[in-house]
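**Student:** sequence unknown, structure follows:
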């Protein structure tokens, strides 16, 4: 019989929903030592958090996150706030001995991130950052194939995260719904929001990044601000692209934008190795493309692997071959692995410390875009 | 506040899991008048049903379905047994005034199906059959496009359901796991299991089928039987293909097999109309292919519509554009629509009566395969 | 130094162009014992055949095909006329001892075809029918893979040829441009024009066809006739689909239509074997899809083989890996193989006798559509 | 009746074949004022050039390009030599008043290119560089769509040219077959060979490039040299990637490598505009992907346009809808447009002057890779 793991959720937005669904679902499909219990939801607006709690079955609500952290009946603090609150909440939660699941990116910058790492390490509390795409089965399978040595020496890595939802001039910035366009709340634009995902996966699959040369752009310079009611300068990056070297001497290009007409959430990655290559994208997340040069030459080609079989990562928990799962399942896997990490004592990544590496790359990228120089990570 | 809708589940296999997940999930994403409550699970094996109930949170168990039906605290009987039990359970449930959600195909044949229809209609109980693929958003969108008249006169319909999991001689037949290979339990092979899905969708999208010419094949003639322990003749159809005319004078070809190497669960459909065509397949279920001849000729081509936007069927309930859902969500939509049907008094399809039409086509297909004649439906 | 092979071309339409291009090109890319020489072009209209001859560099023209056949300086008669003239010309050409390259289908029916076979065999002249798709490199590669035994026992064959160019009511029938819609000139509609291609390839890849059950349809019943100037009944089949068994006990479905909106010339084929499957289509003719169940399960998937490498059929003659060839190259390969057959004494297929098998299947298909019975081939 | 245009070809390698085929073919499909005549082929090796001339039907040979240029019966000099000879030959040919068709890249660097431009402009001779990919019909269609304003303001351009043929350590460098790996002959590696294509198309479609930040890499540092017989340093770039701004303020990333396992000749491009986006790649060169945000939202998606219809660029000259052409046809179109330019007096691009712009970008890219700075073009 699974033991309860009491969750205290801070935030009720898109990620609040995705995480809550994962907590509700994980025990129906995974056999784990702990079962998440939706103990409390917390947000400043009592009305909104009450609706959220009712919908998902949270047993109680709080409107002050400090009170939530102070409660004895909470094991895990899940931070789903805008980025500018991560540090303060995480430091308090660590001080209170709570496990912490923090939305990505870890912090506003690497300095904040370092502080947070030190706090959770000093407190000795379990910690993890929601870079969920590692746990899309096709991406996890890519990791497995690389770790098995199937690709050989890596020459190239390329990764994009392309969206098109901010092209209109009429879109405002700021406030609950659009804090990602507000540099005060988000820290950066696509770099922290989207490229951070690309970088996390890249480091996981291909090791540390050495240096970068970046460019950023803000296509629409001013937008109405939801908090001030005035037209204000837009301070986030609408688009960012950078060149990089990894420590293993492979080359990389990364690009993200919210101005790529036709792409809703097209996170792509491709890795070219001496013997084999791998490609994946989020719009068909249940497929992995794989090319193996060692195949017989007359039948050699990119294979479209439908990652739905029981011997593929996580897929023994779900349906039968051919039946695909979706976006939200990556969060379920995230929770399952977190719980296994807690149970086994071997923490699942990315920990705060792992996520700090991504933060450092983001910082170098933004610095390079400003300096127009190559910057070391 | 949603009112409880007490579910009594009979069966604990693959479909038991899919339905249970739908009951658990639907209220988190849909705002409905009733909320499913997992009241009781029922199966002959006490140990197995107990495990199942524990996993999913059913409040009680039964080992005799007649007892389940007799309980006052059950509103809905969900029939997830092998096909040869559908009729008996449904008749009893109707007589007891229970709503019924029955797995497909409705019955072993149309005669049984007719009896079941009469029973639920006489009892006046809500009833529905789990032809879940209607509620994959891309398929529902296809229905919407057809109903809007975008395709014009329909010329052609083609639909396949291709699998490859029974190719090995070593695979036995029968028993809990493999009853689909046992004609006693399943009635037929791919015809009732897979083509029934194709036919249900086809009737829904394109109207009634007039006549058919079919062929069936059993490639592996004998298999060890799990119930008898002996090698026994295989009496199901491993493969079935048929030609058909619809009442609207369009032509159709349908094919299903479990011997199509490389296809796990490749349900495909394509409709060619005067102005536009539509295609879809289950291996990328979140995409709809659409061709519109009225487009400017120099930019005319098949469009790959990523069915993840909020203005597409059901998708306002889930995530954001670009983030795909999976197989299991079709069951969630099925439950949501069933509940809306109960609440509104306008039943959601396919009702038993709707599903009887599919049964009649299946009967005509099997008859034609035996007679080597065209048979009217 | 290659010896001349003097070509006498009858017809100047689409196929006249495709064949002429092949004759002009083949010696630049293939090292052959004979080099085609464009000796004479023949058609009833002096003006049209003169333009054609000037364009392609034919050295002379004729307006009576009997005169062409009578000429001593012609080695090969290439029959590019409407189908209803194939027999008469071929019989005369054979009697005159000419080699014959005949457009497909071989004849108006199998009886005519049998007569033609006997004529060329009695005369001992080289003969071949332009079923060019066998020599699309990806299709030739499919043949090689099957002959190597990679697929194992074959279970299923499916093949379509879908077009959409006759949907409009306004399209007339008959005359030079539209003789394919005129049953007098064409014999049948899609069956002889399009399905004949599918059947030729199928027999080549999978052996003889045993029996068929077919349906045909003429969607637009009357069209203005270019020859009579009146609205006349349409006597060809606009669409045809049939079920079949091969002699090797595999099952097949074939379909062709000119009413499949969105498909211009979509010839598709797929073969499912015990170990492996193959798929191909004409819209991306330089790719072969290949699935091998013997691959490691975690990286198993359909491979998209880009058939452009030097070790793939014919491709050592063209460019470098990655650079695709087109439709017309299949005719160049056809000529190259015909010449090699003449030089070596081992005739390249399909000979008239081979093509007669396809004719017999077409006859059975049309007979079955009329009788609504299964018909043996 | 077309007037002769006498061609003098220098070189007999891959491009010599591709151009010769274009000269042989163009008049069969295009109605032009001039018809190319294969007057003379020239190369240092008499044996090799004789074989080449025999194969293609060149009327004569030369072994000294200066003699070829001196001949009165030559109208056009076609330069298919390694890059380090372009300048010298072009200057001489211009001085002799010959029209010049020069292989790409124009020169070893922009200084050479400027000299060449001045020479042809001073001489007033027709001149063009073989950036053939502009004339793949799908790419030409992209240009048309952009010029029609369908995309609106451009935000992003991305283009790759990925190959994998030099991954092996065993591959030597230099000599007739492998001069592209020898910096003495080629000037640079993938930058001049492959990225030059990407840049030419990009400038044509999206205007001038402003500045770049680049990185290059030579993965295999030493290779046996075919000319010296010794292991020598490799001085070309195996891979190159760069960021760029266009003058229209759009952002770009470009990448090329010969170490991308699985990609034979994957030239890709994508352009994202305010209203619409376009994508294309060389592995399926007959397709253009097009996304138009102005489509009805529920049927909005990337369209796969099969560029084979008669109203699409160049395609009225070839076959019928659905029948694709190949790589070599881009050269046929190139010749056709060159001849039309000569006939009309409006030169077809890219002229030497146009190609110089690409050279300047290449120079800036290589300079930036060395300086690790952004460099202006």
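**Tutor:** Looks like it arrived, so ask away. A quick note: this is a predicted structure, and the numbers were derived from the prediction, not measured.

**Student:** what's the burial count for the closest residue to residue A:250 other than its chain neighbours?
**Tutor:** Nearest residue to residue A:250, sequence neighbours excluded (C-beta to C-beta, 6 or more residues apart in numbering or on different chains): residue A:154, at 4.3 Å. In this view, the C-beta of every residue, glycine as well, is placed from N, C-alpha and C. Number of residues near residue A:154 (other C-beta atoms under 10 Å in any protein chain shown) recorded here: 23.

**Student:** kindly report the same for residue A:95.
**Tutor:** 14.

**Student:** next one: residue A:216
**Tutor:** Look at residue A:216: counted by other C-beta under 10 Å, it has 23 neighbours.

**Student:** just checking, next helix/strand downstream of whichever strand or helix holds residue A:355?
**Tutor:** Following DSSP states H and E, one finds residue A:355 within helix A:352-371. Using DSSP H and E, the helix or strand that follows helix A:352-371 in sequence is strand A:375-376.

**Student:** spatially central residue for chain A, please.
**Tutor:** Central residue of chain A (C-alpha atoms, centre = their mean): residue A:131, 2.5 Å from the mean position.

**Student:** the residue sitting furthest away from the middle of chain A: what secondary structure?
**Tutor:** Residue farthest from the centre of chain A, counting by C-alpha atoms, centre = their mean, is residue A:298 at 40.0 Å. Assigned state for residue A:298: helix (three-state reduction, DSSP: H, G, I helix; E, B strand; the rest coil).

**Student:** pull up the gap between it and residue C:145, please.
**Tutor:** Note on residue A:298: its distance to residue C:145, by C-beta to C-beta, to the nearest Å, is 8 Å.

**Student:** kindly report the same for residue A:74.
**Tutor:** In this structure, residue A:74 and residue C:145 are 61 Å apart, going by C-beta to C-beta.

**Student:** can you give me the buried ones in the least confident helix or strand in chain A by mean pLDDT?
**Tutor:** Sorting the helices and strands of chain A by mean pLDDT, DSSP states H and E puts helix A:175-178 at the bottom, at a mean of 86. For helix A:175-178, the neighbour count (16 or more other C-beta atoms under 10 Å in any protein chain shown) marks A:176, A:178 as buried.

**Student:** what comes into contact with the next helix or strand after that helix?
**Tutor:** Of the helices and strands lying after helix A:175-178 in sequence (DSSP H and E), the nearest is helix A:183-186. With contact meaning C-beta atoms under 8 Å, 6 or more residues apart in numbering or on different chains, helix A:183-186 is reached by A:82-84, A:174, A:179-180, A:189, A:192-193, A:234-236.

**Student:** what's the spacing between helix A:183-186 and its chain's center?
**Tutor:** The chain centroid and the centroid of helix A:183-186 are separated by 17 Å under C-alpha atoms, centre = their mean, to the nearest Å.

**Student:** immediately after that helix, which helix or strand?
**Tutor:** Downstream of helix A:183-186, the first helix or strand assigned by DSSP H and E is helix A:190.

**Student:** hmm, that following helix touching chain B?
**Tutor:** No - judged by C-beta under 8 Å from any C-beta of the partner chain, helix A:190 stays clear of chain B, getting no closer than 14.4 Å.

**Student:** so for that helix, what's the average pLDDT?
**Tutor:** Taken as a whole, helix A:190 has an average pLDDT of 96.

**Student:** which residues make contact with that helix from outside it?
**Tutor:** For helix A:190, the external contacting residues (C-beta under 8 Å, 6+ apart) are A:161, A:163, A:236-240, A:256-258.

**Student:** ok, those vs chain B, which is closest?
**Tutor:** Closest approach between those and chain B, by C-beta to the nearest C-beta: residue A:163, at 7.4 Å.

**Student:** and residue A:23, what pLDDT?
**Tutor:** 98.

**Student:** next, the contact list for it, please.
**Tutor:** By C-beta under 8 Å, 6+ apart, the contact list for residue A:23 reads A:7, A:36, A:38, A:335.

**Student:** doesn't it fall inside a helix?
**Tutor:** Yes - assignment of residue A:23 by three-state DSSP places it within a helix.

**Student:** could you measure from it over to residue A:58?
**Tutor:** From residue A:23 to residue A:58 the distance is 10 Å (C-beta to C-beta).

**Student:** ok, residue A:239 next?
**Tutor:** Distance of residue A:239 to residue A:58, given as C-beta to C-beta: 38 Å.

**Student:** what does residue A:136 give?
**Tutor:** Taken as C-beta to C-beta, the span from residue A:136 to residue A:58 is 27 Å.

**Student:** can you check residue A:27 too?
**Tutor:** With C-beta to C-beta as the criterion, residue A:27 and residue A:58 are 16 Å apart.
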